[in-house]
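Participant: pasted the sequence and its predicted model underneath.
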Amino acid sequence: MSQWMDIVFQTILVGIGATMAMDLWRFLLQKTLNVNSLDLGLLGRWVGYCIRGKFFHEKIANAQPITGELILGWISHYMIGIFFASLLPILWGEVWLENPSLKEPLFLGFMTILAPWFLMQPAMGIGIAASKTPKPYQVRIRNIAIHSVYGFGLYGSALLTQVFLR
C-alpha cells in the first residue's frame, strides 16, 4: 500500500476509534447518571433535510421525521468523527500519526465544539451554544466533556494504530 493510503487508512481508524470513545462515554453517562446526549436520529433528520436543501429549522425535533434518519445519524456521526480526525495529519503532518502526542488531539477535540455550537445547534433551532434550551450551561458542559473525550479518543486511537499497524 502506498504511504498516502497508509495515512488515509490510519486516519480513518483514528476517527472511528475516537467517535467510539464518544459513544462509550454517552452510553456510560446514560446508564449511570441517566444523562441523555445527542439524539442521533435528530442528527440524521437534520442531515437528511440538509441534503434536501433545508439547513435551518425552528426546532428540528418538531420537523417531519424522514425515513432512515437514525441510520443516517449514525453514519453522519462517524463521518464527522473521521473528518475531524483527518485534520490531525493535515495540520500537524503525517509525523503526528507516526509519533502521536496528546496536546494536538486535545486542542482539536476542544475546537470541534465550534461546529455544534455555531452551526448545528443554531441550525437545529436550539440557538448558538444551546442558548434556547432550558438549561444551556448544562448542555455546554456536556458538549465540552464529550468533545474532550473525543480528543482523548483521537490520541488513544492513534496509539492503538501504532501497536496494530506497525
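Facilitator: That came through, no problem. Numbering: from 1, shown residues only.
Participant: now do the contacts for residue 72.
Facilitator: With contact set as C-beta atoms under 8 Å, 6 or more residues apart in numbering, residue 72 has these partners: 43-45, 47-48, 66. C-beta here means a position set from N, CA and C on the backbone, and glycine is covered the same way.
Participant: that one: which element?
Facilitator: helix 69-92 (DSSP states H and E).
Participant: residue ranges with poor pLDDT in this protein?
Facilitator: Low-confidence segments of the chain, defined by pLDDT under 70: 1, 166.
Participant: residue 21 versus the spatially most central residue of the chain, what's the distance?
Facilitator: By C-alpha atoms, centre = their mean, the chain has its centre lying nearest to residue 81, at 4.5 Å. Applying C-beta to C-beta, to the nearest Å, the value for residue 81 to residue 21 is 9 Å.
Participant: quick check: neighbours shared by these two?
Facilitator: With C-beta under 8 Å, 6+ apart as the test, residue 81 and residue 21 both reach residue 150.
Participant: from residue 10, how far off is residue 73?
Facilitator: On the measure of C-beta to C-beta, residue 73 and residue 10 end up 26 Å apart.
Participant: picking that back up, which one of the contacts of residue 72 is nearest residue 135?
Facilitator: residue 43 (20.3 Å; C-beta to C-beta).
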